[in-house]
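> Predicted structure and sequence below. I'll ask about it afterward.
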Amino acid sequence: MALVAARGTLLRAGVRLGTEAAACGRNGTRRSASHRVLVEPDAAAGIATIKFKNPPVNSLTLEFLTELIICLEKLENDKTFRGVILTSNSPGIFSAGLDLREMCGKNPAHYAEYWRAVQELWLKLYVSNMILVAAINGASPAGGCLMSLSCDYRVLADNPRYKVGLNETLLGIVAPFWFRDTLVNTIGHRASERALQLGLLFPPAEALQVGMVDQVVPEDQVHSTALSVITQWLAIPDHARQLTKSMMRKATTDNLIKQREADIQNFVSFISRDSIQKSLQMYIEKLKQKKS
Ligand SMILES: CC/C=C\CC/C=C/CC(=O)SCCNC(=O)CCNC(=O)[C@H](O)C(C)(C)COP(=O)(O)OP(=O)(O)OC[C@H]1O[C@@H](n2cnc3c(N)ncnc32)[C@H](O)[C@@H]1OP(=O)(O)O
């Protein structure tokens with residue numbers, strides 16, 4: 001049902017599915033997946049690199065989310081690809097997380113459609129049968145960080161400006177339980193409690209220390225490191241690795257699946273509150289003022 005909704009959004013957005021299907025195909029040459037998602041397939045290696053291309057900051061707009069979901073689904077169904085690297089086409093910004101404009105000044109039906117797409121992306125990433133490695137080549141707050149936490153391994157470029165973390169409280173909003181669970185599963189309960197309450201954004205050395213990322217490497221080695229990690233993981237028999245991943249992660253995704261509609265309703269009523277709308281607007285203003 002979610003994918004049908006996602007396809008509906010794409011068609012409304014004027015994205016041609018035929019073009020996108022071709023883009024996630026198995027040719028060894030670089031192709032453009034859609035407007036916002038580039039896929040570089042290496043069929044011989046069984047690895048595809050997905051590059052986010054939603055300027056200026058790769059924020060997760062509904063259209064971008066939808067394109068990512070469909071692209072991941074196509075790769076998942078194409079047995080050529082056993083590993084995927086997620087990275088940004090614009091070094092400096094991995095992803096600014098959820099698009100604030102999707103959560104501001106819209107109607108409840110829009111918020112519901114948007115949140116369903118956010119849930120769907122997380123579900124696709126978190127229990128993917130493929131090996132997912134995040135090559136984090138830029139800042140990655142909130143939803144951007146969630147995407148990387150949903151991968152199997154994270155490589156972060158060593159640049160003090162590239163902070164990662166779930167900073168929702170700084171916006172006056174609350175990370176939902178499945179964001180929390182993803183973080184807890186990665187860095188443990190105590191570190192998550194502190195990070196979530198304070199909305200901490202960790203620079204590379206701290207991110208490594210707390211376990212938000214698995215490796216910090218010089219900026220120009222992020223992709224090659226991700227590639228060599230995937231190559232190591234590819235040596236493990238797929239069925240054993242996949243069943244183990246599922247055993248580790250399924251309870252967390254089942255928890256959302258069984259209360260998915262309630263989670264959407266909760267998001268819609270929370271985000272529609274006047275006080276939350278004001279907080280978000282103030283935050284957007286602060287981002288604008290930072291420039292002037
Ligand atoms: C019950 C559950 C309820 C709620 C849960 C909701 C969960 C939400 C999770 C989220 O993901 S919320 C989003 C959190 N994201 C952020 O806090 C990131 C904010 N952005 C930044 O910190 C910075 O923009 C950056 C570090 C990513 C990049 O910095 P820089 O390169 O200096 O770019 P600018 O700040 O100048 O931004 C350029 C441009 O982009 C706009 N923008 C930035 N982030 C977002 C965003 N998340 N959504 C939409 N638009 C964004 C920014 O306003 C600028 O726009 P201009 O029009 O001024 O050019």
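Looks like it came in fine. Numbering: from 1, shown residues only.

> Residues of the stretch 101-250 of the chain that sit close to the ligand?
Within the stretch 101-250 of the chain, the positions lying close to the ligand (C-beta under 6 Å from any ligand atom) are 101, 139, 141-143, 167-168, 171, 173-174, 176. Quick note: C-beta positions are derived from backbone N, CA and C, even for glycine.

> Start and end of stretch 35-45, how far apart?
25 Å (C-alpha to C-alpha, to the nearest Å).

> scratch that, stretch 269-278 is what I was asking about
14 Å.

> cool, and stretch 49-63?
Using C-alpha to C-alpha, the two ends of stretch 49-63 sit 20 Å apart.

> hmm, it touching the ligand?
Yes - Stretch 49-63 reaches the ligand (C-beta under 6 Å from any ligand atom) through 56-57, 59.

> Tell me which residues of that stretch come out buried.
49-54, 57-63 (16 or more other C-beta atoms under 10 Å).

> Among the residues you listed, which pair sits farthest apart?
Greatest spatial distance among those (C-beta to C-beta): Thr49 and Leu62, at 23.7 Å.

> Now tell me which helix or strand of the protein has the poorest mean pLDDT.
Lowest by mean pLDDT, DSSP states H and E among the helices and strands of the chain is helix 17-23, with a mean of 36.

> Pull the distance from the helix or strand hosting Arg190 to the chain's centre.
Secondary structure assignment for Arg190, by DSSP states H and E: helix 189-198. How far helix 189-198 lies from its chain's middle: 20 Å, per C-alpha atoms, centre = their mean, to the nearest Å.

> before we move on, what about stretch 100-114?
What separates the centre of stretch 100-114 from the centre of its chain is 19 Å, taken as C-alpha atoms, centre = their mean.

> quick one: average confidence on it?
Mean per-residue pLDDT for stretch 100-114: 97.

> From start to finish, how long is it in a straight line?
Stretch 100-114: ends 11 Å apart by C-alpha to C-alpha.

> For the spatially closest residue to Ile131 that is not a sequence neighbour, list each beta-bridge partner.
What sits nearest to Ile131 in space, not counting adjacent residues and going by C-beta to C-beta, 6 or more residues apart in numbering, is Gly83, at 4.1 Å. Bridge pairing for Gly83 (DSSP bridges) gives the partners Ile47, Ile131.
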